[in-house]
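**Student:** sequence plus predicted model, see below.
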Amino acid sequence: MKKILVFAGTRPEAIKMLPVYTALKKCPQVKTKLVATGQHKEMLFQAFSDFSVTPDISLDVMSGGQTLASLSARLFSAVDELLEKESPDIVLVQGDTTTVQVTALCAFYRRIKVGHVEAGLRSGNMLSPFPEELNRRIAGLVASWHFAPTQLSANNLLAEGVVEKNILLSGNLLF
């Protein structure tokens with residue numbers, strides 16, 4: 001049985017990943033857990049509440065006045081410890097947040113497969129949007145599977161050298 005951790009750190013991640021999590025929970029071939037990093041805690045847990053979902057694991061990394069560097073440091077530590085403890089076969093991340101970038105990189109370091117939902121979005125400018133463009137590119141570098149919302153996104157991934165069989169044109173994931 002495969003073990004999958006589905007990560008969400010922000011409200012948009014929760015909204016887009018809850019259908020994935022809900023579908024995976026119905027599959028008897030996998031054991032799935034929902035992980036809340038708490039990057040944007042109040043809005044994240046409001047989204048979970050709106051859909052009557054409680055995360056299986058909460059990392060609670062948010063702190064007042066956090067910088068991207070301090071958030072990243074807390075995420076690296078918390079996510080790496082969780083991956084060591086849970087030892088999943090796959091992690092799923094969505095989008096381009098700091099949670100996505102750090103989780104993907106931690107999984108890569110531990111040789112855990114990464115599925116990147118909403119993959120292939122590119123602005124062509126590393127500083128716009130900032131830091132999202134960097135976050136999505138790092139996730140794209142280490143992902144095993146790329147769930148692209150549009151053909152343009154899939155084409156961006158192909159242009160970066162991603163093997164076509166590892167790209168799935170998934171559309172946008174919403175309830």
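**Tutor:** Right, received. Where do you want to start? Residues are numbered from 1 along each chain as shown.
**Student:** tell me, how many neighbours does the residue nearest to Ala139 when sequence neighbours are not counted end up with?
**Tutor:** Closest residue to Ala139 apart from its sequence neighbours, by Cβ to Cβ, 6 or more residues apart in numbering: Ala104 at 4.2 Å. For every residue, glycine as well, the C-beta is placed using N, CA and C. By other Cβ atoms under 10 Å, 26 other residues sit near Ala104.
**Student:** looking at this, Ala104 is in a strand?
**Tutor:** No. The assignment for Ala104 (DSSP: H, G, I helix; E, B strand; the rest coil) gives helix, which keeps it out of a strand.
**Student:** go ahead and confirm it touches Val93.
**Tutor:** Yes. Ala104 sits in contact with Val93 when judged by Cβ atoms under 8 Å, with a separation of 5.7 Å.
**Student:** identify the contacts common to these two.
**Tutor:** By the contact definition Cβ atoms under 8 Å, 6 or more residues apart in numbering, Ala104 and Val93 are jointly contacted by Val114, His116, Ala139.
**Student:** which members of those residues occur in strands, if any?
**Tutor:** Among the shared contacts of Ala104 and Val93, the members found in strands (DSSP state E) are Val114, His116.
**Student:** show me the contacts for Ala139.
**Tutor:** Contact analysis of Ala139 by Cβ under 8 Å, 6+ apart lists Val93, Asp96, Val100, Gln101, Ala104, Val114, His116, Ala119.
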